[in-house]
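Enquirer: Sequence and predicted model, in that order:
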Amino acid sequence: MLFVLFLITVLPRLQFQGPYLYNGDPVAYFSGAESILEHGKYLVDGKTPIWPIGTSLTLIPFIQLSEILGGQAESGAFWHGMFFIFLAVAFTYLLGKRIFNPATGIIAAIFVSLAESPFIHSINSASDPGSLAMLLGAIYLMLLFLDTQSPRDLFLSFFMLGLAFVFRWNYVFFLPLFLIYLVGDRRIWAFHLYPSFWFLGFFGFVAGISIQLVTNYSHFGNPLQIGYGQLDYSEQFIFSGFVYIKNMVRIMYRMLFTWDFFSPLLAMFGVLAIIGLWKEKRRDVFWLIMPWVVLGSLSVVYFGVKPRLLMPIMPAMFLIGAEGIVRAFYALRKSLLASGVSARVSVIAFVLMGIILFSPMFVRTLLHSHGHFQDKVVMQQAFRWAGDNMSNPEGRIITQPYYAGQNPDWLRAGWDVWASKRYSGRSIKSLEFPETWATGNDWAVVNRFWFEGSSVRFENSREMAARFDSLCTSRNYELKMTFEAESEPRFLKKLNMLTYYPVDFLEYRPFFEVWGPVE
């Protein structure tokens with residue numbers, strides 16, 4: 001079964017492989033890996049990183065393998081994401097099999113594999129697949145320990161939980177999960193029957209985060225100080241009850257209605273499962289899933305509701321939804337058998353129903369990923385061309401905030417790490433901060449798509465468009481070159497009409513323009 005899940009995970013992603021990095025964090029992770037390989041130090045752009053070391057460290061073998069096979073080093077980023085998302089898929093299956101049944105595990109694993117956020121962030125060297133895989137592995141090994149009472153399983157469980165933290169800082173919120181589960185489900189016998197629980201758990205977690213402790217000490221002289229301390233969040237950590245309540249409502253809405261949770265349909269099946277589990281008094285499920293979702297939502301409540309930040313709780317929701325689907329199948333089969341329909345026909349009918357109901361959501365994932373991938377490819381072409389053709393060696397490139405990577409946090413910390421800078425070899429300035437522009441022979445690179453009236457991804461897109469037009473007029477810019485992405489596959493666009501998102505205005509349609517002074 002794991003081999004089938006491997007194929008389901010790998011085959012749809014193969015069309016998106018390549019030596020492409022995108023935006024800020026993935027570029028920083030890759031730069032950190034290069035720094036470790038070349039200088040033996042974890043640095044990004046010569047500076048102490050704000051990111052934990054996990055993603056950069058685990059990128060190294062994939063970079064080396066790509067080079068050994070004759071490919072470009074950046075291809076390793078794709079295979080890195082592929083490896084860890086499959087681990088997450090495999091552990092989801094094993095969790096579903098252990099908690100419920102194999103069918104639930106298979107369905108939930110397919111959802112994790114093909115849901116939009118896990119899909120997109122697994123084909124870009126993001127930290128999310130690695131941290132998610134470690135969290136799921138930790139939870140699975142804890143449940144395994146309760147059956148085997150093996151010190152190895154207990155140690156490895158907390159070790160993987162520590163590794164999850166080394167991939168993404170916010171996974172520290174899951175530290176209380178095991179204790180809440182063991183106490184709530186009355187598994188406290190584990191503390192008494194196994195006196196070494198606390199000892200092995202503590203040292204397993206410390207072993208998991210040990211590489212980060214060493215890294216912190218080398219950078220700050222303090223193993224407990226993390227990189228985000230450089231951003232000086234002292235002015236930002238202000239309690240705002242209204243914002244927190246609003247974010248909690250948005251989280252609940254996303255869990256019920258948005259694409260990463262496969263529309264309201266999956267939530268309906270989830271409600272069916274919850275009712276059944278409540279009647280069966282499956283407190284083990286509730287004491288695992290409920291703290292899992294709550295703890296996974298804590299950082300989102302403060303930092304904002306972004307799909308990728310909700311990835312830690314997606315497997316929990318998919319498991320519940322998948323269990324509802326399995327229960328619905330058994331109820332339907334019972335009804336059909338009572339009507340004289342054979343078991344084989346009932347299975348075929350239910351499988352066809354599942355494909356009709358859920359395949360449009362998978363189409364949505366592929367369609368969005370296609371646009372996202374094309375944006376990566378064409379963005380690099382545009383910035384590379386601009387960097388190579390600018391006559392002034394000191395010239396800068398002004399671009400949209402999405403490609404400049406400049407926000408108040410990064411400006412305050414002095415960070416200048418972004419894909420546009422990596423591929424152009426030029427200093428990048430944002431349309432959002434005119435005070436940072438130079439007065440010399442700067443060029444501009446923009447994606448015209450973000451200026452279109454139908455593009456509502458950014459609230460200030462029209463303001464940026466007006467500012468760009470003013471820039472072109474005041475500096476007498478002319479259009480130097482255009483780069484257009486491949487259009488979405490016609491077949492996918494037609495299938496997309498079956499989804500809950502028939503209008504494609506949210507799809508990427510990259511059209512880059514390079515502008516410079518008239519020569």
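Expert: That came through, no problem.

Enquirer: going forward, measure contacts and count neighbours with C-alpha atoms only.
Expert: OK.

Enquirer: Tell me which other helices or strands the longest helix seen in the chain touches.
Expert: Secondary structure of the chain per DSSP state H: the longest helix is helix 343-389. If you count contacts as 3 or more Cα pairs under 8 Å, 6 or more residues apart in numbering; DSSP states H and E, helix 343-389 packs onto helix 116-122, helix 314-338, helix 419-424, strand 443-447, strand 477-484, helix 490-496, strand 511-517.

Enquirer: again, only this time at 6 Å
Expert: helix 419-424 (3 or more Cα pairs under 6 Å, 6 or more residues apart in numbering; DSSP states H and E).

Enquirer: residues in contact with the helix or strand just after the helix it packs on?
Expert: Remark: after helix 419-424, the chain's next helix or strand is strand 428-430, criterion DSSP states H and E. Strand 428-430 is contacted by residues 396, 397, 398, 399, 400, 401, 404 when judged by Cα atoms under 6 Å, 6 or more residues apart in numbering.

Enquirer: If you rank those residues by neighbours, which is first?
Expert: Neighbour tally across the contacts of strand 428-430 (other Cα atoms under 10 Å): the maximum, 29 neighbours, falls on residue 397.

Enquirer: ok, back up a step: which pair in the contacts of strand 428-430 spans the largest distance?
Expert: Farthest pair in the contacts of strand 428-430 (Cα to Cα) is 396 and 401. Separation: 14.7 Å.

Enquirer: Could you point out which of the contacts of strand 428-430 is nearest to residue 443?
Expert: Once Cα to Cα is applied, the member of these that ends up nearest residue 443 is residue 397, at 4.9 Å.

Enquirer: got the phi/psi numbers for that closest one?
Expert: phi -120, psi 130 (degrees, to the nearest 10).

Enquirer: if I pick it, what's in contact with it?
Expert: 428, 442, 443, 444.

Enquirer: what sits against the third one?
Expert: The neighbours of residue 443, taking Cα under 6 Å, 6+ apart as the test, are 397, 515, 516.

Enquirer: what about 7 Å?
Expert: The contact partners of residue 443, by Cα atoms under 7 Å, 6 or more residues apart in numbering, come to 396, 397, 398, 515, 516.

Enquirer: ok, which pair from these is furthest apart?
Expert: Among the contacts of residue 443, 396 and 515 lie farthest apart (Cα to Cα), at 11.9 Å.

Enquirer: quick one on the thing from earlier: tell me the most packed of the contacts of residue 397, by neighbour count.
Expert: In the contacts of residue 397, the most neighbours by other Cα under 10 Å go to residue 428, 29 neighbours.

Enquirer: Skipping adjacent residues, who's closest to that one in space?
Expert: Among residues not flanking residue 428 along the chain, residue 397 sits closest, at 5.0 Å (Cα to Cα, 6 or more residues apart in numbering).

Enquirer: Now do the one you found, the pLDDT please.
Expert: On the pLDDT scale, residue 397 is placed at 91.

Enquirer: Look up how far residue 36 lies from it.
Expert: According to Cα to Cα, to the nearest Å, residue 397 and residue 36 sit 29 Å apart.

Enquirer: just residue 148 next, same as before
Expert: Counting by Cα to Cα - residue 148 and residue 36 are separated by 39 Å.

Enquirer: For residue 232, report the pLDDT, please.
Expert: pLDDT, residue 232: 62.

Enquirer: hang on, I meant residue 237
Expert: Reading off the model, residue 237 has pLDDT 54.

Enquirer: Ok, the one 4 residues further on next?
Expert: Looking at residue 241, its pLDDT stands at 74.
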